[in-house]
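*Asks:* What follows is a protein structure lacking sequence information:
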């Protein structure tokens, strides 16, 4: 492991999302990304090109406009790009998280827990597995919004380094968001990052961000903000290794199995 790869520079893009306006959202995010320099990973919110809507005619294929845009922006910024969009795959629509490298390589994860309370399960197909994204020497577990409530699928049985959650998590339940992000960091002895949107959508739900990162002991690394902003974090492998060596709690973890 090189010294350069022992750190992961991240930018959390906490932004409003225009309702069902993919072209306008991509233009807005492009302007924001163009101001970012010298970072490894840029993280956008859940369904960043449409907002949390169920108009599945807006779903794109893996060779569609938004995926091509992510590849273009990753190459241009020389940073990996992460976020979720609606993807049409084999006649089903998924809420799919993508990690796009500057090389154009794509890794993806399909949301396991669909938000039945908000009818997401009526429009999207759930994923069937957890995955680990590989970025430089870093192992990243991706989850999407509602997944955060379910610790079994986030369980650190793969010795990952960071758990990253992208979301459209509303103001009314923001205390749960803060609490669960911290809990996932503590129980998995990993960095945990949550990226949430701001603004109000067409259903009158309000979002106040509270994007943050937590170290493997659950210490918040940022001051939370309710406003549109870009937050910068540097994750360090040495922090993970030293904490796990001093407190080897993961040795006693339960080996949960998803069915």
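*Replies:* Great, that's in hand. The model shown is predicted, which means the values in this text are computed figures rather than measured ones.

*Asks:* burial of residue 109, as a residue count?
*Replies:* By the criterion of other Cβ atoms under 10 Å, residue 109 has 26 neighbours. Placement of C-beta: from N, CA and C, glycine included.

*Asks:* Tell me if I am right that it is in a strand.
*Replies:* Yes - with the criterion set as DSSP: H, G, I helix; E, B strand; the rest coil, the secondary structure at residue 109 is a strand.

*Asks:* Please name the bridge partners of it.
*Replies:* On DSSP bridges, the residues paired with residue 109 through beta bridges are residue 97.

*Asks:* Would you agree it is in contact with residue 132?
*Replies:* No - applying Cβ atoms under 8 Å as the test, residue 109 and residue 132 come out as separate, 9.1 Å apart.

*Asks:* Pull out the buried residues from the least confident helix or strand in the chain by mean pLDDT.
*Replies:* For the chain, counting by mean pLDDT, DSSP states H and E, helix 151-154 ranks last in confidence among helices and strands (a mean of 94). By neighbour count on 16 or more other Cβ atoms under 10 Å, the buried set for helix 151-154 is 153, 154.

*Asks:* Over to stretch 196-209?
*Replies:* When burial is assessed from 16+ other Cβ under 10 Å, stretch 196-209 yields the following buried residues: 196, 197, 198, 199, 201, 205, 207, 208, 209.

*Asks:* Endpoints of that stretch, how far apart?
*Replies:* Taking Cα to Cα, to the nearest Å, the first and last residues of stretch 196-209 lie 5 Å apart.

*Asks:* what's next to that stretch, contact-wise?
*Replies:* 14-17, 19-20, 45-46, 48, 51-53, 166-172, 174, 177, 210-211, 224-229 (Cβ atoms under 8 Å, 6 or more residues apart in numbering).

*Asks:* Which of these fall in strands?
*Replies:* Taking DSSP state E as the definition of strands, those contribute 14, 166, 167, 229.

*Asks:* Give me the number of neighbouring residues for the residue lying closest to residue 158 once chain neighbours are set aside.
*Replies:* Computed as Cβ to Cβ, 6 or more residues apart in numbering, the closest residue to residue 158 that is not its neighbour in sequence is residue 132, at 5.4 Å. Other residues near residue 132 come to 15 when the count uses other Cβ under 10 Å.

*Asks:* check contacts around residue 132.
*Replies:* Residues in contact with residue 132 (Cβ under 8 Å, 6+ apart) are 139, 140, 141, 158, 160.

*Asks:* Report the separation between it and residue 85.
*Replies:* Residue 132 sits 20 Å away from residue 85 when distances are taken as Cβ to Cβ, to the nearest Å.

*Asks:* which ones are touching the nearest residue to residue 177 once chain neighbours are set aside?
*Replies:* Sequence neighbours aside, residue 169 is the residue nearest to residue 177 in space, at 4.7 Å (criterion: Cβ to Cβ, 6+ apart). Taking Cβ under 8 Å, 6+ apart as the contact definition, residue 169 lies against 145, 177, 194, 196, 207, 210.

*Asks:* Let me know the closest of these to residue 63.
*Replies:* The shortest separation between residue 63 and any of the contacts of residue 169 is 25.4 Å, and it belongs to residue 145 (by Cβ to Cβ).

*Asks:* Lowest-confidence entry in the contacts of residue 132?
*Replies:* When the contacts of residue 132 are compared on pLDDT, residue 158 comes out least confident, at 93.

*Asks:* All good on my end, thank you.
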